[in-house]
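S.K.: Got a sequence here, can you model it:
(one chain, ligands or ions: 1)
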Amino acid sequence: MTFSAGALRGRSVQVKVPATSANLGPGFDTLGLALALYDELQVSVRDEPGATVDVIGVGAGEVPTDETNLVVRAIAHTFESVGHPLPGLSLVARNSIPHGRGMGSSGAAIVSGIMAAKGLLEGVVEFDAQSLLALANDMEGHPDNVAPALFGGLTIAWVTPEGPQFKKLIVHRGVSPLVLVPSHVMSTALARSLQPESVPHEDAVFNVSRSALLVAALIQSPELLHAATEDKLHQSYRASAMPETNRLITLLRARGFAAVVSGAGPSILVLCSDPSQRLAAAELVASEAETDWQPLMLAVDFKGATVTPLAVESADTPAA
Ligand code: HSE
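M.R.: Next up is the predicted model:
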């Protein structure tokens, strides 16, 4: 099929993508939860080639504002995957998801770009859920953040020779997430470099049991969340790179809170079994932390990423 970039002239879309927390303790590279904190993006096709990005909020003055921007790269990757020429683009990003804190900001940027491309190509190329996930996983490298960012709720993601797959589950309404966000950042690449090549068989069995239990706890039995969030596959290996995270999690867990590292850290996710527990956990961290930690009491997002067309003018529409 031959496409013309001019066919998209005048198109503009609005995208909204939730933050995520991956791993959830035992579900390393597998489980993820969408959280009601959003990055919003407007993308318009323009006549001049190339791309410009205005960033408002988180990342302003820090992230690239040209074709090297991660959102633009995700749009380009999506167009390239279907062989459609990339039109000139103007982007306005309004970001709320903290960067480098384990809340899925890079996954959200990738999903924003893919959803923007999907919206701009509406009626020209159609994308199903699995191809959206495959595009996102190509860029992120593991599917546990991008699956909940795309689809919302609790997601189980796994990879097959045919590509990444996912199952979305609806979280029990009593489950009340609290994310504690420090002022310092952690690099996912550094966190991944601390993972060993292999783990003891008994640790693997330990995590299989806890992650199976965690799915039951999150959708049906929140009273099991503390037992279900134990982990031996990643948090202890990475603890030296985020000592305060590790210390606060140990303290929270000793007081009965289901606290885990959010994604690759350094934020802490506490999965409370009722909303009132969140205040007690936040107060404990405020009194015990040596640095500033921001408590975010967030709802679970059930919708995932959305894209809405803002204007569609045909290439033949005369200028007013
Ligand atoms: N599962 C990933 C990790 C999440 O912990 O490395 C961060 O992208």
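
S.K.: where does this protein dip in pLDDT?
M.R.: Applying pLDDT under 70 to the chain flags residues 1, 5, 311-320.

S.K.: Around the ligand, pick out the residues from it.
M.R.: Neighbours of the ligand within the chain, by Cβ under 6 Å from any ligand atom: 22-23, 28-29, 142, 144-145, 188, 191-192, 234, 263-264. Heads up, the C-betas are built off the backbone N, CA and C, glycines and all.

S.K.: and these, which of them are in strands?
M.R.: By the criterion of DSSP state E, membership of these in strands covers A22.

S.K.: most centrally placed residue in the protein?
M.R.: Residue closest to the average C-alpha location in the chain (Cα atoms, centre = their mean): G104, at 3.3 Å.

S.K.: residues contacting that one?
M.R.: G104 makes contact with 19-22, 32, 97, 145, 148-149, 263, according to Cβ atoms under 8 Å, 6 or more residues apart in numbering.

S.K.: thinking again about what came up before, can you say which of the residues of the chain next to the ligand are buried?
M.R.: Buried subset of those (neighbour count, 16 or more other Cβ atoms under 10 Å): 22-23, 28-29, 142, 144-145, 188, 191, 234, 263-264.

S.K.: May I ask which two of these are separated the most?
M.R.: Across those, the longest distance by Cβ to Cβ is 14.2 Å; it joins N145 and H234.

S.K.: Buried ones in stretch 61-75, by neighbour count?
M.R.: Here stretch 61-75 shows 63, 65, 67, 69-75 as buried, counting by 16+ other Cβ under 10 Å.

S.K.: ok so, going back, what's the closest non-adjacent residue to the residue nearest to the centre of the chain?
M.R.: T20 (3.4 Å; Cβ to Cβ, 6 or more residues apart in numbering).

S.K.: The one you found in helix, strand or coil?
M.R.: Following DSSP: H, G, I helix; E, B strand; the rest coil, T20 is assigned to strand.

S.K.: and it, how many residues sit next to it?
M.R.: 31 (other Cβ atoms under 10 Å).

S.K.: That one contacts G32, correct?
M.R.: Yes - at 5.2 Å, T20 and G32 qualify as touching, with contact defined as Cβ atoms under 8 Å.

S.K.: pretty sure V260 contacts L24?
M.R.: Yes - contact criterion Cβ under 8 Å: V260 and L24 qualify, at 6.2 Å.

S.K.: ok, those two, which is more surrounded?
M.R.: L24 (31 against 28).

S.K.: thought that one was touching T229?
M.R.: Yes - with contact defined as Cβ under 8 Å, L24 counts as touching T229 (6.8 Å).

S.K.: what touches both of the two?
M.R.: Residues touching both L24 and T229 (Cβ under 8 Å, 6+ apart): 214, 260, 271.

S.K.: from those, which is closest to L133?
M.R.: The closest of the shared contacts of L24 and T229 to L133 turns out to be L214 (Cβ to Cβ; 21.2 Å).

S.K.: Now do the contacts for that closest one.
M.R.: Contact analysis of L214 by Cβ under 8 Å, 6+ apart lists 24-27, 31, 225, 228-229.

S.K.: Can you verify L35 is assigned to a strand?
M.R.: Yes - counting by three-state DSSP, one finds L35 located in a strand.

S.K.: wait, doesn't I268 sit right on R253?
M.R.: No - applying Cβ under 8 Å, one finds I268 not in contact with R253, separated by 10.4 Å.

S.K.: Which one of these two is surrounded by more residues?
M.R.: Taking other Cβ under 10 Å, I268 and R253 do not tie; I268 has more neighbours (29 against 16).

S.K.: Who wins on neighbours among the contacts of L214?
M.R.: In terms of neighbours by other Cβ under 10 Å, the contacts of L214 top out with L24 at 31 neighbours.

S.K.: which one is that residue nearest to, not counting chain neighbours?
M.R.: What sits nearest to L24 in space, not counting adjacent residues and going by Cβ to Cβ, 6+ apart, is L31, at 4.6 Å.

S.K.: who's in contact with that neighbour?
M.R.: For L31, the contact set (Cβ under 8 Å, 6+ apart) comprises 22-24, 144, 154-157, 211, 214-215.

S.K.: can you list the domain ranges for this structure.
M.R.: When the chain is parsed with the TED database, its domains come out as 9-168+300-308, 174-295.

S.K.: tell me the secondary structure for the residue nearest to Q220 when sequence neighbours are not counted?
M.R.: Spatial nearest neighbour of Q220, excluding adjacent residues (Cβ to Cβ, 6+ apart): H172 at 6.2 Å. Using three-state DSSP, the structure places H172 in coil.
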